[in-house]
Structure formats: structure tokens, C-alpha cells
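> got a predicted model here, sequence first, then my questions.
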Amino acid sequence: MPMTDFSGLQQLTSLIRNIEAQMEGAKLMILTHEHREEIARHMVEGLVGPSREHKVRIETSSGEYMNQLAILEIGGNKYTFSKDHQGMFISEINYYTCRITPNSHGILVYHQDYPGVIHDVSRVLAENKINISSMNVSREQKGKSALLVSLTDEEIPQSLLSRLQQLPQVQQVLSLQ
């Protein structure tokens, strides 16, 4: 049986370390029965970085999940990590579906659902010659809280994050860098 490369999980949890203000109280639930220790090791290394000053509580699930590897709860947010034939990715953030791959550049835009959000975000990025490689929008229900995930070919400058933050109905813009 070929060895699976879990280094993508380390890169994905490093992305989370960049967007989460607090590491205190992080809980990692390993959902798969195979390679539990290796999955946990890569994820914790990505999350706490070289400092190792924060502890991550690790639990295991008694169930078996089709493609899901782990769930990380931190700072009031829940991140689900999955794997398919293309590789590993973050598949959900707080029940919003997405597909964030390792080494991604891009943004998370939390907003109230409204017609034109995709146009508004895309326009700001296009005006600044930022190419979108993939985009996903997920919402609770029409007109309620939503999350737009835009992955890009390059990093998004801080000045653009401020501009995106000023769009109608936008509550928070977070960079994946």
C-alpha cells in the first residue's frame, strides 16, 4: 500500500494559524482510523508552528468518515479537513462548504447574502489585476450569513483587503496569506 503524504495538512493548518487570533483551547478531532498519529502530527506542527508554546487537545472519533480526515475547532470556528483523489483540502468552515487547497492565496469574505456579492468582490480583484483561480459561495439561507472564498494566483495586498471590507453587507475579510 503506497504511503500517503500528509504534508498538505500542515500547510492548511498554517493557513488557519494566519487567520485565527487565538490558539488557546484548540481541539483537533481525528476522524479517520488510518494514519491517525501522522495526521495529528502534521496538523499540530502547522497550527502551532516552531514555537510549540500552545497545546492542542487531540481526540479521535469512533466512527469512520468517507473523505473527512479531521475537524479543528479553534477560536469559536470549526474547520473540516477532507481528502479526495486530487489531494487534501479544507472542505468546510463553520458549515459553509469550500475547497481551500494547500499553499492557497486568497480571501475569506464573511457577509450578509445579497445579489451581486460575486460581482463586487471579483470587480475589486480584477481592477487590481488579481486573477481568481477558484471561488465558492456558501450561505445559511437566502439573505442570511454567507461566506465567499476566493482563491487567487497571487497574494492580495492589505490595501485591497481594506477596500473589500468596505463593500456593502461585508462583515469581515480575512487573508489566507
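Ah, there it is.

> drop to CA atoms for contacts and neighbour counts, all remaining ones
OK.

> all strands of this protein, in order?
In the chain, the segments counted as strands under DSSP state E are 27-30, 57-60, 68-74, 77-84, 87-93, 96-100, 105-112, 132-139, 145-152, 170-175.

> tell me which of the ones you listed lies nearest to S7.
strand 87-93 (9.2 Å; CA to CA).

> so what's the closest residue to S134 other than its chain neighbours up against?
Ranked by CA to CA, 6 or more residues apart in numbering and with sequence neighbours excluded, the top spatial neighbour of S134 is L151, at 5.2 Å. Listed by CA atoms under 8 Å, 6 or more residues apart in numbering, the contact set of L151 reads 100, 104-107, 132-135.

> R36 now?
Counting by CA under 8 Å, 6+ apart, R36 makes contact with I30.

> let me have the contacts of L151 in a markdown table, extended by pLDDT.
Shown next, in a markdown table, are the contacts of L151 (pLDDT from 0 to 100):
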| residue | pLDDT |
| --- | --- |
| I100 | 96 |
| S104 | 91 |
| H105 | 94 |
| G106 | 95 |
| I107 | 96 |
| I132 | 97 |
| S133 | 96 |
| S134 | 95 |
| M135 | 96 |
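
> which among those count as buried?
Neighbour counting with 16 or more other CA atoms under 10 Å marks 100, 104-107, 132, 135 as buried within those.
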